[in-house]
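Participant: Quick one: sequence plus predicted model below, questions after.
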Amino acid sequence: MATEIRVPTLGESVVEATVGQWFKQAGDAVAVDEPLVELETDKVTVEVPAPASGVLSEIVVNAGDTVEVGALLGAWIASQVHSRVLAAVFATLALLVAAKMVLLPESRNLTDGVPRAPWVIAIPTAIGCFSSMMGIGGGTLSVPAMTWLGIPVHRAVGTSAWFGLWIAMPAAAGYAWLGRGLTGLPPLSVGYVNLVALLVLLPSTVVAAPLGAKLAHGLSRRQLSLAFGCFLLLTAARMAYRSLAA
């Protein structure tokens with residue numbers, strides 16, 4: 001739900017101000033109390049802060065424009081979950097999983113096979129939701145989950161590739177829908193999905209996927225677990241940096 005950002009009261013007898021500069025652009029993530037825009041009058045300079053963590057979805061007035069008290073400056077969309085918290089949670093989980101795959105690849109799994117109980121549906125549901133929120137491939141979470149359930153790592157990697165397809169399609173559709181109508185996005189964007197990036201990355205991804213599958217099946221179980229664990233370590237480090245820098 002979008003929240004309007006308006007010019008606050010600037011003091012007695014002050015009825016208008018000039019937009020000095022925007023500290024954020026449309027589409028940028030913002031933290032609570034982080035300055036969004038600077039307003040200037042002949043008496044005072046005021047920085048308008050973000051009311052909470054979220055995304056600056058729209059900028060209505062530009063730097064240099066004159067605005068009256070109460071005028072609309074832009075729109076802000078609150079994050080349901082702070083991206084900094086998500087990044088920290090994911091970094092912690094990825095680090096623990098990576099340590100298990102690198103240091104204890106032969107340790108006992110949680111089960112000797114996928115349980116048949118109804119609650120098992122919660123596992124892929126959580127993987128799909130978390131993967132789409134973090135913008136990561138489904139294999140990052142589904143491979144460790146399947147190996148912990150006793151599935152051999154080679155089969156887990158192959159299954160996760162198919163699983164990731166069914167995560168990516170609805171996630172991309174959701175981001176395209178949620179970002180519809182926003183200004184400040186790159187050219188040729190459908191919501192938050194940029195078609196230029198899609199056309200650049202898709203061909204190389206399609207070409208590289210069979211090579212990756214061939215390479216994975218040429219490795220032993222120990223080597224593949226070690227390789228995937230190292231990948232998770234790099235991913236965890238990136239997410240930890242993102243959490244600290246947010």
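Facilitator: That came in fine, so what should we check first? Small disclaimer: the values here were computed from a predicted structure and weren't measured.

Participant: By mean pLDDT, which helix or strand of the chain comes out lowest?
Facilitator: Taking mean pLDDT, DSSP states H and E as the measure, the helix or strand of the chain with the lowest value is strand 72-78, at a mean of 54.

Participant: ok, then the element right after it?
Facilitator: Using DSSP states H and E, the helix or strand that follows strand 72-78 in sequence is helix 83-103.

Participant: packing partners for that next one?
Facilitator: Judged by 3 or more Cβ pairs under 8 Å, 6 or more residues apart in numbering; DSSP states H and E, the packing partners of helix 83-103 are helix 122-134, helix 139-148, helix 221-245. Any C-beta I mention is one placed from the backbone N, CA and C, and that applies to glycine too.

Participant: who's in contact with that helix?
Facilitator: Contacts to helix 83-103, defined as Cβ atoms under 8 Å, 6 or more residues apart in numbering, come from residues 29, 31, 53, 107, 130, 133-134, 136, 140, 144, 147, 225-226, 228-230, 232-233, 235-237, 239-240, 242-243, 246.

Participant: May I see the buried residues of that helix?
Facilitator: For helix 83-103, a neighbour-count test (16 or more other Cβ atoms under 10 Å) marks 83-84, 86-88, 90-91, 93-95, 97-98, 100-102 as buried.

Participant: Please point out which parts of stretch 18-30 sit buried.
Facilitator: For stretch 18-30, burial by neighbour count (16+ other Cβ under 10 Å) applies to 18-19, 22-24, 26-27, 29-30.

Participant: Now render these as a markdown table, adding secondary structure.
Facilitator: As requested, the buried residues of stretch 18-30 are exported to a markdown table (DSSP: H, G, I helix; E, B strand; the rest coil):
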| residue | secondary structure |
| --- | --- |
| Thr18 | strand |
| Val19 | strand |
| Trp22 | strand |
| Phe23 | coil |
| Lys24 | coil |
| Ala26 | coil |
| Gly27 | coil |
| Ala29 | strand |
| Val30 | strand |
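
Participant: sorry, back to before: in ChimeraX, select just the buried ones from the contacts of helix 83-103.
Facilitator: Only the buried entries of those go into this ChimeraX selection, using 16+ other Cβ under 10 Å:
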select :29,53,130,134,136,140,144,147,225,226,228,229,232,233,235,236,239,240,242,243,246
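
Participant: what about the protein, any weak spots by pLDDT?
Facilitator: Within the chain, the stretches with pLDDT under 70 are 1-4, 52-53, 71-84, 104-113, 181-184, 245-246.

Participant: can you list the domains in it?
Facilitator: As given by automatic domain parsing, the domain ranges for the chain are 2-78, 83-245.

Participant: that older thread, and the buried residues of stretch 18-30, which is closest to Asp42?
Facilitator: Thr18 (9.5 Å; Cβ to Cβ).

Participant: on that earlier part again, now render the buried residues of stretch 18-30 as CSV, adding distance to Glu47.
Facilitator: As requested, the buried residues of stretch 18-30 are exported to CSV (distance: Cβ to Cβ, whole Å):
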residue, distance to Glu47
Thr18, 14
Val19, 12
Trp22, 11
Phe23, 8
Lys24, 12
Ala26, 18
Gly27, 20
Ala29, 18
Val30, 13
